[in-house]
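1. Please find the sequence and the predicted model below.
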Amino acid sequence: MEKLFISRDSLKKLLDRLARNLNLVAPVKDPEGIIMFGPVADAGQVLLEYQNSTLPPKSFFFPQTERLFKFSYGQEGMALEDMCGSDKRVLFGVHPCDLKSILSLDPVFAGAYKDPYYINKRENSAIIGLACSNPSPGCFCATFGFGPDDGEGSDIMLTPSGKGFDADVLTDKGQEIVASYKDLFEKAGDSPRIAGETRLTVKKLDLTGIKELLDGNFELEYWNQVFEKCLGCGICTYVCPTCHCFDIYDSSKGGCDGERYRSWDSCMFTHFTMMAGGHNPRPSKKERVRNRFMHKLKYHIDRYGLAGCVGCGRCVKSCPVNIDIRRIISDLGEVSRNGQL
């Protein structure tokens, strides 16, 4: 790992050059004041200090709606035109929780079963992370073993330091960026880092015993207390950086031509698990709410050795009825220790 420094003025120059030479994606504020990740044309659009974006940057690897291929049928039979392929780009300003969420998606789409669409986007993307200098009150990333200045998952990690940013170059992709714009970087100095001081301000919950509790208690009575408030709106899954449920459908305007699409879906919707014969293994909100939190705190760990939550707090902020995963973690911990709430 190479440690460098980049001043704020040099960082603006870097962003301008990246925007000219590649596809640059960064946190921006839309006309209504909503913070989103989107394509940028120059450094003036990029937010260097922000609390978490409304939607995570996962959509640049796992799009909300994605055309997979075109199909047509003629005299020579079925013909397919694969739409897999993406231009090189740089994602800038990704916070540690979103970095971790992409690592959480990797074994889903690039593990035992390879998804060429996801893999192509990952291979053609470099990520410049940005430490949180002002985590939001809903953040609880420390619960999962990292903090607001953790750079794992990035190619270059920027941490506020003095009049600029310390730049930890972590991968070959990061080295390529530095080599291409070496006039903008310098050796790291001894200025105190800002983000490291924020680690203590991020809420840390105790996960002790929760996984073991869920392992042995599928029909836990506690879920009867949680599900009654749920509206089944699915907003928690759409703002979540690790949720990856999707549906696949074909679209045709007539004739023998059409297109196949993949789009986000939600396990909180009534018909998500509806089968062709009419059977639904999750017929009520109780089963669906239980499944969501079991996935975050058990199933993802069972399958991939990684938590299905990164403590970004987006679901806490967005839920219209205040279902709070932090409260659920605390309650489950209480059940684990004492056998009841």
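-> Everything's here; your move.

2. Tell me how far the helix or strand bottoming out on mean pLDDT in the chain lies from the chain's centre.
-> When each helix and strand of the chain is scored by mean pLDDT, DSSP states H and E, strand 77-82 comes last, with a mean of 79. Taking CA atoms, centre = their mean, to the nearest Å, the mean C-alpha location of strand 77-82 is offset from the chain mean by 33 Å.

3. In the chain, which residue is most central in space?
-> Computing the C-alpha centroid of the chain and ranking residues by CA atoms, centre = their mean puts residue 241 first, at 2.9 Å.

4. In this model residue 56 seems to touch it, though I could be wrong.
-> Yes. Contact criterion CB atoms under 8 Å: residue 241 and residue 56 qualify, at 3.4 Å. C-beta: built from backbone N, CA, C; applies to glycine.

5. Need the residues touching each of those two.
-> Any residue near both residue 241 and residue 56 by CB atoms under 8 Å, 6 or more residues apart in numbering counts here, and that gives 98, 101, 312, 314.

6. Just checking: what are the partner strands of the least confident helix or strand of the chain?
-> In the sheet containing strand 77-82, its partner strands are strand 65-74 (antiparallel), by DSSP bridges.

7. Go through the strand it pairs with and flag the buried ones.
-> If you call a residue buried by 16 or more other CB atoms under 10 Å, then strand 65-74 has these buried ones: 66, 68, 71.

8. The nearest residue in space to the second one that is not next to it in sequence: what secondary structure?
-> Excluding its sequence neighbours, the residue lying closest to residue 68 (CB to CB, 6 or more residues apart in numbering) is residue 260, at 4.7 Å. When the structure is split into helix, strand and coil by DSSP: H, G, I helix; E, B strand; the rest coil, residue 260 lands in strand.

9. separation between residue 260 and residue 2?
-> 43 Å (CB to CB, to the nearest Å).

10. So if I had to pick from those two, which one is more boxed in?
-> Comparing residue 260 with residue 2 by neighbour count (other CB atoms under 10 Å), the higher total belongs to residue 260, at 17 against 14.
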